[in-house]
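Trainee: sequence plus the predicted model coming up.
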Amino acid sequence: MTAFSQQVTFLLVADLAQSSHFYQRLLGLELVLDQGDCRIYRVSPTAFLGICERSDRGDPNTVLVTLVTDEVDACHRDLVAAGVPCEKEPQLNEKYNLYHAFYRDPDGYLIEVQRFLDPNWPRAETSDSGG
């Protein structure tokens, strides 16, 4: 079986500059590779989010990007203060045992910010090399 060492999710966006502002400035993700019409941001030491400017983007409602943090409420305050549309305020989801909120990025993609409450969730290893 192949052992994967990293993961990248790519989103197709209409306006690279506007989306870059959202992911880099508002969410605070580190730009690790600029490929011209695509930019890749570090989410954690081994997970990345890429955005590529394309006219044939498709339906943004078919994608959900989940960012995991212990700081759901602080992230919510920062995003709302920056004018990011909030779809669902931070709240407990008893069915999945997590605490989360939902937002829309500039292209309409649904962004979930969540904290797993289940003690069986594998916690991220602490590293100084993350975004």
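Mentor: Yep, that arrived.

Trainee: going along the chain, name the strands of the chain.
Mentor: Taking DSSP state E, the strands of the chain run over residues 7-13, 30-34, 38-44, 47-53, 64-68, 86-93, 98-104, 110-116.

Trainee: gap between the third one and the chain center?
Mentor: Looking back up the chat, that one is strand 38-44. Taking CA atoms, centre = their mean, to the nearest Å, the mean C-alpha location of strand 38-44 is offset from the chain mean by 10 Å.

Trainee: tell me the spacing between Gly36 and Gly108.
Mentor: 23 Å (CB to CB, to the nearest Å). All C-beta spots, glycine's among them, are computed from the backbone N, C-alpha and C.

Trainee: follow-up on the earlier one: can I get the strands of the chain in CSV including mean neighbour count and distance to Arg77?
Mentor: Shown next, in CSV, are the strands of the chain (neighbours: other CB atoms under 10 Å; distance: least, CB to CB, whole Å):
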stretch, mean neighbour count, distance to Arg77
strand 7-13, 17, 24
strand 30-34, 12, 21
strand 38-44, 19, 20
strand 47-53, 20, 22
strand 64-68, 15, 15
strand 86-93, 12, 10
strand 98-104, 19, 11
strand 110-116, 19, 11
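
Trainee: which residue, neighbours along the chain excluded, lies closest to the one residue sitting closest to the centre of the chain?
Mentor: With distances taken as CA atoms, centre = their mean, the residue of the chain nearest its centroid is Leu67 (4.5 Å). The shortest distance from Leu67 to any non-neighbouring residue, by CB to CB, 6 or more residues apart in numbering, is to Val113 (5.3 Å).
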